[in-house]
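*Asks:* 3D model of this:
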Amino acid sequence: WWTDIYQLAAMAYEMVTGKTPYVGETTLELAMNIVTQEFVAPSTINSEIPKELDDVLVKALSKNKDDRYRDIWPMIDELKKVEGIVS
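*Replies:* Residues are numbered from 1 along each chain as shown. Model (predicted):
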């Protein structure tokens, strides 16, 4: 389930920034970049992203799986704090 939440966050990241969190010319290069590089916080790319949403995406995309959401419900609860995201 951690990977599902991670993938959801990666899609949301792309939706709000227009970019993927990581890039690579090949699948191998992309995988290596995911493991070795840090992504840019979404709000760095799009300054209109609310801090609360930025925090959720950064947490969900953390390299350390223990720092990510273990369950989707806490993530949804935090998204509800972002005006206009989840009702």
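
*Asks:* where does the chain dip in pLDDT?
*Replies:* Scanning the chain for pLDDT under 70 picks out 1-2, 84-87.

*Asks:* Output the longest helix belonging to it.
*Replies:* Counting residues, the longest helix in the chain under DSSP state H turns out to be helix 2-17.

*Asks:* That helix packs against which elements?
*Replies:* Under the contact definition 3 or more CB pairs under 8 Å, 6 or more residues apart in numbering; DSSP states H and E, helix 2-17 sits against helix 42-45, helix 51-60, helix 72-79. Bear in mind the C-beta positions are built from the backbone N, C-alpha and C, glycine included.

*Asks:* of all the ones you listed, which lies closest to residue 31?
*Replies:* Evaluated with CB to CB, those place helix 51-60 nearest to residue 31, the distance being 18.7 Å.

*Asks:* Which elements pack onto that closest one?
*Replies:* On a contact count with 3+ CB pairs under 8 Å, 6+ apart, helix 51-60 meets helix 2-17, helix 42-45, helix 72-79.

*Asks:* Distance from the last one to the middle of the chain?
*Replies:* In this view, helix 72-79 has its centroid 13 Å away from the chain centroid, taken as CA atoms, centre = their mean, to the nearest Å.

*Asks:* Mind listing what's buried along it?
*Replies:* Buried residues in helix 72-79, counted by 16 or more other CB atoms under 10 Å: 75, 78-79.
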